[in-house]
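Novice: All I have is the shape, not the residue letters:
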Ligand SMILES: Nc1ncnc2c1ncn2[C@@H]1O[C@H](COP(=O)(O)OP(=O)(O)OP(=O)(O)O)[C@@H](O)[C@H]1O
């Protein structure tokens, strides 16, 4: 479980997060939703310790972020942030190989190479393994970054907008793979997602944020309702059903 208690965050004089208290359940896929600027990435970055905690307390699988060593944390949690700009003269396999660093600390072993091969295969990147990052498409680069986090092989996987740039089939493939990690291997995934129907179809738990606060949280049937979503996004939405899950419609 990830616990967040009394987390406030401020940039300059602007309050970005207001007293966030929540729990992200273990062995589940949690979707963070909400409008632009709601504070989703900031909360993810604080949980992933990419940003220093200004107040409150966060624990990941019982480890307090304030006291856990980075090497230890990197074996518990992989985080993929939103800005994945990285040296473009790097090959796909090298990027994915960085995910193994916490395990081998510079001396890759056969099992590390196996994990990289598995990650390349899982994200349909094997044929692109030797390409440089500036020689592949935006969606392929996005998959390579997710594959790097996947190769880290941690109980917790935190992904900020991993569906960016992915076409329908690859987005579906990623969600299927993430839910297999959760259901088949008992891993825990938290992701920021804008396309609400991916949360509706695959998430077990949804946290809806607006203006630096949590507006609603719970299972998709509880959170993905017309009342909550219309208020969350300040736009009218209809919610139907598809395969016994919510289906959100927001066309004119
Ligand atoms: N470096 C920064 N300096 C000043 N304000 C910032 C900075 N980073 C983020 N903010 C502000 O913090 C608020 C929350 O941003 P955050 O990126 O966490 O939102 P988000 O919910 O992830 O949004 P999006 O869906 O657009 O990615 C926004 O109002 C944003 O403008």
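Specialist: Sure, I can see it. Worth saying up front: this structure is predicted, and the values here are computed from it rather than measured. Numbers count the residues shown, from 1 in each chain.
Novice: Check whether residue 20 sits in a helix, strand or coil.
Specialist: strand (DSSP: H, G, I helix; E, B strand; the rest coil).
Novice: Model confidence score at it, please.
Specialist: At residue 20, the pLDDT value in this model is 98.
Novice: Make sure I have this right: residue 194 is in a helix.
Specialist: No - checked against three-state DSSP, residue 194 lies outside a helix; its state is coil.
Novice: Look up the closest residue to it, ignoring the ones flanking it.
Specialist: Residue nearest to residue 194 in three dimensions, not counting chain neighbours: residue 161, with 6.7 Å by Cβ to Cβ, 6 or more residues apart in numbering. C-beta coordinates here come from the backbone N, C-alpha and C atoms, glycine included.
Novice: Neighbours of that neighbour, how many?
Specialist: 20 (other Cβ atoms under 10 Å).
Novice: Over to residue 197?
Specialist: Using other Cβ under 10 Å, residue 197 is surrounded by 16 other residues.
Novice: so what's it up against?
Specialist: By Cβ atoms under 8 Å, 6 or more residues apart in numbering, residue 197 lies in contact with 247, 248.
Novice: where's it, which helix or strand?
Specialist: Element membership for residue 197 (DSSP states H and E) is helix 196-202.
Novice: just how off-centre is the helix or strand following that helix within its chain?
Specialist: Going down the chain from helix 196-202, the next helix or strand is strand 205-210, by DSSP H and E. Strand 205-210 has its average C-alpha position 13 Å from the chain's average C-alpha position, going by Cα atoms, centre = their mean, to the nearest Å.
Novice: List the contacts of strand 205-210.
Specialist: 22, 24-25, 28-35, 38-40, 43, 199, 214-220, 222-224, 228-229, 232.
Novice: Of those residues, which are in range of the ligand?
Specialist: Residues of those in contact with the ligand (Cβ under 6 Å from any ligand atom): 34, 38, 39, 40.
Novice: out of the residues you listed, what pair is the most spread apart?
Specialist: 34 and 39 (7.6 Å; Cβ to Cβ).
Novice: circling back to that earlier point, mean confidence (pLDDT) on the helix holding residue 197, please.
Specialist: Over the span of helix 196-202, the pLDDT mean works out to 96.
Novice: Within range of the ligand, give me the residues from this protein.
Specialist: Within the chain, the positions adjacent to the ligand are 11, 16, 34, 36, 37, 38, 39, 40, 41, 42 by Cβ under 6 Å from any ligand atom.
Novice: Give me the pLDDT value at the fifth one.
Specialist: At residue 37, the predicted lDDT confidence score is 96.
Novice: Understood, closing this out.
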